[in-house]
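here's my sequence, what's the structure:
(one chain, ligands or ions: 1)
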Amino acid sequence: MVPPDQIRQLQALVGPGNLLSAQEDLWCYAFDATDHIQAPAAVVFPGCAAEISQILRLANRHGFPVTPRGAGTGRSGGAVPAPGGVVLVLTRLNRILEISPEDLVAVVEPGVITGRLQAAVEEQGLYYPPDPSSADFCTLGGNVAECAGGAVAVQYGVTRDYVLGLQVVLPTGEIIETGARTMKGVVGYDLTRLITGSEGTLGVITRIILRLTPRPPARQTLAAGFPDLEMAARAVSLILRAGLVPTALEFMDRTTLNCVREMLPFRMTQEIAALLLIAVDGHPHDVEERAGAMERFCREQGAGMAIRARTPAEAEVLWKARRVMSPALRQVKPQKISEDVAVPLSAIPRLVAALQEVSRRRGLPVASYGHAGDGNIHVNVLYDQKIPGEKEAAHQAVEDIFSLVRQMDGTLSGEHGVGLTKAPYLEMELSREAIALQQRLKRAFDPNNIMNPGKIFPPGRGRVTPP
Ligand SMILES: Cc1cc2nc3c(=O)[nH]c(=O)nc-3n(C[C@H](O)[C@H](O)[C@H](O)COP(=O)(O)OP(=O)(O)OC[C@H]3O[C@@H](n4cnc5c(N)ncnc54)[C@H](O)[C@@H]3O)c2cc1C
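Residues are numbered from 1 along each chain as shown. Just a heads-up that it's a prediction; the model follows:
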């Protein structure tokens with residue numbers, strides 16, 4: 001617990017109104033989008049890198065943990081505070097510092113909401129592709145810390161493919177710059193890539209140089225309904241192999257679709273067991289041709305229904321339904337464990353079949369949807385904690401799913417990170433030697449383990465347990 005005199009020192013560092021310590025305020029920063037919860041000792045809202053540096057020096061002197069936080073939309077518990085620690089909220093650092101059409105670069109502070117940058121660059125005929133479904137409310141700092149993905153990753157890649165350079169306050173208080181404003185750069189170790197995806201454990205990101213691309217002149221969206229889950233899953237890898245180059249290739253099963261059926265521009269008939277939502281972008285002529293080819297290909301692969309959005313507004317209806325799928329699933333059961341496993345493309349049909357088997361074995365609904373085009377399936381185990389045994393069965397189902405994914409040479413997380421939720425399972429994917437090396441790297445950055453302790457590595461110091 002941070003003693004009162006250190007809270008006063010923090011207060012003096014960030015100025016009046018930029019520190020919260022009342023119980024009712026602390027609980028507002030006790031959670032993210034998981035079910036982990038832990039109230040911090042204080043919440044600070046620094047206004048610049050120099051203030052963050054002083055906060056971290058103070059934390060090192062007195063040994064209290066600090067957890068960086070953007071919008072708290074993370075799905076692995078990364079922003080959940082360590083017990084007795086301080087939450088450092090980056091939302092005051094929310095300026096878009098520069099958009100350069102000449103260099104195809106944007107320079108931003110970490111608290112900028114992703115959707116705000118997307119809209120700002122679009123006004124200048126540019127495009128920032130990473131588009132997590134949470135883009136309207138998550139921050140770019142959180143995106144870099146988690147290496148967020150999104151629907152268009154299948155064509156454009158994930159956040160790390162757009163981060164050219166960073167300003168980072170190290171846990172020991174030094175402020176460093178990594179990378180450069182150039183499209184290439186190989187001077188020294190690639191610290192930009194190491195910090196991208198490091199889940200707030202290696203430092204606080206205070207400025208980000210992002211690569212932009214020209215805005216694609218046209219985009220079309222189509223939806224294809226398949227009578228069979230595995231048939232839809234097989235079509236994913238066939239579409240990619242056929243060279244049809246989708247910009248987005250999303251998959252949804254019937255349980256998920258049923259939760260958003262009122263939003264869909266078509267009737268959810270019995271014949272639709274799974275849906276592929278596909279986008280293609282590029283020059284208008286090429287897009288028209290590829291969308292037509294995609295529609296025909298889906299029908300050849302067994303789709304009983306294939307429709308193309310006629311206007312951007314119609315396309316937005318489909319994408320909006322896709323974005324709300326995660327919260328909509330709570331209609332089925334009040335609690336859910338959401339995992340974002342990824343498997344090689346050829347294994348997607350086997351994975352969706354095996355998920356049905358896990359659902360039967362554990363007696364719980366398992367709904368899946370997600371970025372199938374890059375093998376990243378969001379698997380949701382749905383349960384009601386008031387029904388005896390369901391919570392335990394849900395956790396067993398998650399272990400079953402992780403085992404299956406590893407047997408298929410897949411990964412436990414495609415984009416949500418390890419955080420707290422997957423830390424106990426890290427050894428299912430990484431060798432002891434690889435974990436030990438990562439822990440040595442962590443110590444080199446953070447010798448006193450003050451920076452977001454308890455995240456990523458298997459449970460130990462500073463671990464938070466679910467309520
Ligand atoms: C409805 C919904 C849909 C989602 N869809 C997607 C999706 O499609 N793709 C996807 O990848 N994710 C998705 N997410 C997960 C989440 O939005 C992303 O992980 C996002 O990047 C988190 O951003 P945030 O600002 O909320 O970060 P937070 O949750 O506040 O923090 C996440 C992690 O980043 C660290 N962190 C935050 N800011 C900084 C900083 N400045 N410096 C250092 N560390 C920092 C925190 O310590 C924590 O470990 C979704 C979440 C929800 C709720």
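
report the contact partners of residue 162.
By C-beta atoms under 8 Å, 6 or more residues apart in numbering, the residues touching residue 162 are 128-130, 210-212. (Each C-beta comes from the backbone N, C-alpha and C, glycine too.)

close to the ligand, is the lowest-mean-pLDDT helix or strand in the chain?
Ranked by mean pLDDT, DSSP states H and E, the weakest helix or strand in the chain is helix 325-328, scoring a mean of 90. Yes: counting by C-beta under 6 Å from any ligand atom, the ligand has neighbours in helix 325-328: residue 326.

show residues contacting that helix.
Counting by C-beta under 8 Å, 6+ apart, residues outside helix 325-328 touching it are 133, 252, 256, 259-260, 338, 369, 378, 380.

the same query, at a cut-off of 7 Å, please.
252, 256, 259-260, 338, 369 (C-beta atoms under 7 Å, 6 or more residues apart in numbering).

ok, and the most crowded of the residues you listed?
Among the contacts of helix 325-328, residue 252 has the most neighbours (other C-beta atoms under 10 Å), with 27 neighbours.

skipping its backbone neighbours, what lies nearest that one in space?
Excluding its sequence neighbours, the residue lying closest to residue 252 (C-beta to C-beta, 6 or more residues apart in numbering) is residue 369, at 4.1 Å.

on the three-state scheme, that neighbour is what?
Here residue 369 is recorded as strand under DSSP: H, G, I helix; E, B strand; the rest coil.

got it, and residue 209?
strand.

isn't it right up against residue 105?
Yes: using C-beta atoms under 7 Å, residue 209 makes contact with residue 105 at a distance of 6.1 Å.

sorry, back to before: mind listing what the residue nearest to residue 252 touches?
With C-beta under 7 Å, 6+ apart, residue 369 has these contacts: 251-253, 256, 325, 378.

now it, which residues is it bridged with?
Taking DSSP bridges, one obtains residue 252, residue 378 as the residues bridged to residue 369.

now do it against residue 131, distance only.
16 Å (C-beta to C-beta, to the nearest Å).

show me which residues of this structure are close to the ligand?
So far as C-beta under 6 Å from any ligand atom goes, the chain lies against the ligand at 32-33, 67-75, 78-79, 90, 110, 132-134, 138-139, 141-143, 145-146, 148-150, 199-200, 204-205, 326, 415-416, 452.

closest point of the stretch 351-467 of the chain to the ligand, which residue?
residue 415 (3.5 Å; C-beta to the nearest ligand atom).

what do you get for the stretch 251-400 of the chain?
residue 326 (4.6 Å).

residue 152 is in contact with residue 247, isn't it?
Yes: counting by C-beta under 7 Å, residue 247 is a contact partner of residue 152 at 5.3 Å.

the stretch 101-250 of the chain: helices as residue ranges?
114-122, 140-146, 153-156, 191-195, 229-241 (DSSP state H, counting those that start in this stretch).

most neighbours per residue, which of those helices?
helix 140-146 (a mean of 30; mean count of other C-beta atoms under 10 Å).

check the offset of that helix from the chain's centre.
How far helix 140-146 lies from its chain's middle: 8 Å, per C-alpha atoms, centre = their mean, to the nearest Å.

any idea how many residues pack against residue 34?
20.

against residue 172, how distant is it?
Distance from residue 34 to residue 172, by C-beta to C-beta: 29 Å.

again, but for residue 132
In terms of C-beta to C-beta, residue 132 sits 31 Å off from residue 172.

those two - which one has more neighbours?
Between residue 132 and residue 172, counting by other C-beta under 10 Å, residue 132 is the more crowded of the two (25 against 17).

which residues are in contact with the more buried one?
Residue 132 neighbours (C-beta under 7 Å, 6+ apart): 114, 138, 143, 148-150.

which pLDDT value belongs to it?
Per-residue confidence at residue 132 stands at 95 (pLDDT).
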